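Chemist: need a 3D model of the sequence below.
(one chain, ligands or ions: 1)
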Amino acid sequence: MTISPQDLATHAGPRYRALADALARAVGEGRLRPGARLPTQRELAEQLGVTVGTVGRAYALAEQRGLISCEVGRGSFVRDSTGPVHSLTGIDSLAEDGVDLRLNAPSPTAIDAELMAEIAALAASPSSMDLLRGYAPGTGLMAHREAAACWLAECGIQAEPERIVMTGGAQAGLYLTLAVLTQPGDTLLVEQLCYAGARDIALRLRLRLEGVAMDEHGIRPDSLAEAATATGARLALVTPSLHNPTTIQMPESRRAELIRASSAAGLRLIEDDIYGPLVDPAPTTLAVLAPESVVHVGSISKGILPGLRVGFVLAPRDVVAPLGQAMHAQRVNESPFGCGIFARWLERGLLRRALMAQRLEATARQRLARELLTDLDLVSPSCGLHGWLRLPGGWEPAEAERRLAERGVHVAPASLFWSGRGAPPRALRLALGRPATRAQLAGALRIIAETLTGSRANPNPVL
Ligand SMILES: Cc1ncc(COP(=O)(O)O)c(C=O)c1O
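Modeler: Numbering: from 1, shown residues only. Predicted coordinates:
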């Protein structure tokens, strides 16, 4: 085993955390290879002169961080981060049967045909060949960065195009940002319930994830500062608008507090604002409150369409060039054709109309969910694509997920989003935008109501 008592001696704080951190370092530095079997808890406790309970807690924390897997009867193993991980990436296609409420996607709207017609018009225009024939800088073509700046301005965020890097969606923006701002073994602070795709990135980049406590207003600034001190973290990822999965809309006062606390703790914030465009009126983003430090990641995936894979990072000036270089190393530049479609939609006023249509549809679907799940504890914002269903007493999320799947309704349990201590909350995320029609959604919601309450929901809701 590559961990010695000295590894723990230099670490302040509880022993189990020191051991989990030492394991993370060993994995990050390649001293513990994927698939390697770890000693039993008793063996390691003897080697290190700590209690078996300490090793047990350390293994549990390392497992929670996605570093190792503990298999009953077989032992504990270093996870292979190049293989499949337990996250939403496992849900890469629609379930073949029933209704899939797992992946958060926008709904079809009346503007879809116009969006398609503009793609055809761009393809037919002679300038398209220029887009397709050329390369672009890693940051993107200036015309597209300007389009992104206009779009951000329409969403209430003043941004200079020079601070924007075009990316293939917010996922790529998060990956790029974390690749530039971290080293393997670094700690990334996240909300204790956080977007599963962020956990996937952390695993790939060999970052240690540390979940920070939340309350009804989102991540707690005091807990964030404490976690920064305890772990030495310099970076935190937060989703202040329509938090995924809980739907929490962080109030303005909390946003200001968060900026103050992170600046005092020497933390840089990454703001994931993917759901922000759906919120009306637009809240003040962290990037507007602290443009010199916050890295803002967004895309058109939730307000318009995810399939085009258009997103952007709005970064402080000193971070822009490294992001462009990292993009160049990774894929040279984002598809200029995809960005060109985005710019054309914007220019024709279609993006705004498509967003308005999506907001209306999302509001109608949220209302439908509230109506049909009236006997359940559903957190449903007035806008946004998902709801957060707190399960009635007696229901475990895995059991609820299984029973609903048997009836053709596929949902995402809280465990997929959990990075905190102890057991995840007993809740399910419902992606309300995903079903093609409101009638399909209503059918799925009725099954949820029947399954979880044993009662029949109102059969004639207002659609
Ligand atoms: C909070 C959050 N961030 C980022 C993403 C990735 O978005 P994109 O499709 O733009 O890559 C998602 C997608 O579900 C998300 O929920």
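Chemist: next, the contact list for the residue positioned nearest the centre of the chain, please.
Modeler: Closest to where the C-alpha atoms of the chain average out (Cα atoms, centre = their mean) is Tyr195, at 2.7 Å. Applying Cβ atoms under 8 Å, 6 or more residues apart in numbering to Tyr195 gives the contacts 239, 244-245, 272, 417. For every residue, glycine as well, the C-beta is placed using N, CA and C.
Chemist: near the ligand too, which of the residues you listed?
Modeler: Checking the contacts of Tyr195 against the ligand by Cβ under 6 Å from any ligand atom, the ones in range are 239, 244, 272.
Chemist: can you list those residues in a markdown table and add pLDDT and secondary structure?
Modeler: Formatted as a markdown table, those follow (pLDDT from 0 to 100; DSSP: H, G, I helix; E, B strand; the rest coil):
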| residue | pLDDT | secondary structure |
| --- | --- | --- |
| Thr239 | 98 | coil |
| Asn244 | 97 | coil |
| Asp272 | 98 | strand |
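Chemist: quick check, nearest of these to Ala149?
Modeler: Nearest to Ala149 among the ones next to the ligand among the contacts of Tyr195, counting by Cβ to Cβ, is Asp272 at 19.0 Å.
Chemist: count of residues packed around that closest one?
Modeler: For Asp272, the neighbour count with other Cβ atoms under 10 Å is 29.
Chemist: in the sheet, who's paired with it?
Modeler: Legend: beta-bridge partners of Asp272 under DSSP bridges are Val297.
Chemist: hang on, isn't it packed against Val238?
Modeler: Yes - counting by Cβ atoms under 8 Å, Asp272 touches Val238, with 7.0 Å between them.
Chemist: residue contacts, the residue nearest to Arg260 when sequence neighbours are not counted?
Modeler: Ranked by Cβ to Cβ, 6 or more residues apart in numbering and with sequence neighbours excluded, the top spatial neighbour of Arg260 is Pro221, at 7.3 Å. Contact analysis of Pro221 by Cβ under 8 Å, 6+ apart lists 254, 257-258, 260-262.
Chemist: got the residues of the protein near the ligand?
Modeler: Residues of the chain lying near the ligand (Cβ under 6 Å from any ligand atom): 104, 169-171, 195, 197, 239, 244, 272, 274, 299, 301, 306, 311.
Chemist: so which of those comes closest to Arg434?
Modeler: Among the residues of the chain next to the ligand, and counting by Cβ to Cβ, the member closest to Arg434 is Asn104, at 7.2 Å.
Chemist: backbone dihedrals for that closest one, please?
Modeler: phi -80, psi 110 (degrees, to the nearest 10).
Chemist: so who does it touch?
Modeler: So Asn104 contacts 244, 302, 385-386, 429, 431, 433-434 (Cβ under 8 Å, 6+ apart).
Chemist: burial measure for the closest residue to the ligand within the stretch 51-200 of the chain, as a count.
Modeler: Per Cβ to the nearest ligand atom, Gly169 is where the stretch 51-200 of the chain lies closest to the ligand, at 2.8 Å. Under the neighbour criterion other Cβ under 10 Å, Gly169 is assigned a count of 24.
Chemist: list the contacts of it.
Modeler: Gly169 neighbours (Cβ under 8 Å, 6+ apart): 299, 301, 306, 309-311.
Chemist: make CSV out of those residues and add pLDDT, neighbour count and secondary structure.
Modeler: Output for the contacts of Gly169, formatted as CSV (pLDDT from 0 to 100; neighbours: other Cβ atoms under 10 Å; DSSP: H, G, I helix; E, B strand; the rest coil):
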residue, pLDDT, neighbour count, secondary structure
Ser299, 98, 29, strand
Ser301, 97, 22, coil
Pro306, 96, 19, coil
Arg309, 97, 20, coil
Val310, 97, 31, coil
Gly311, 98, 27, strand
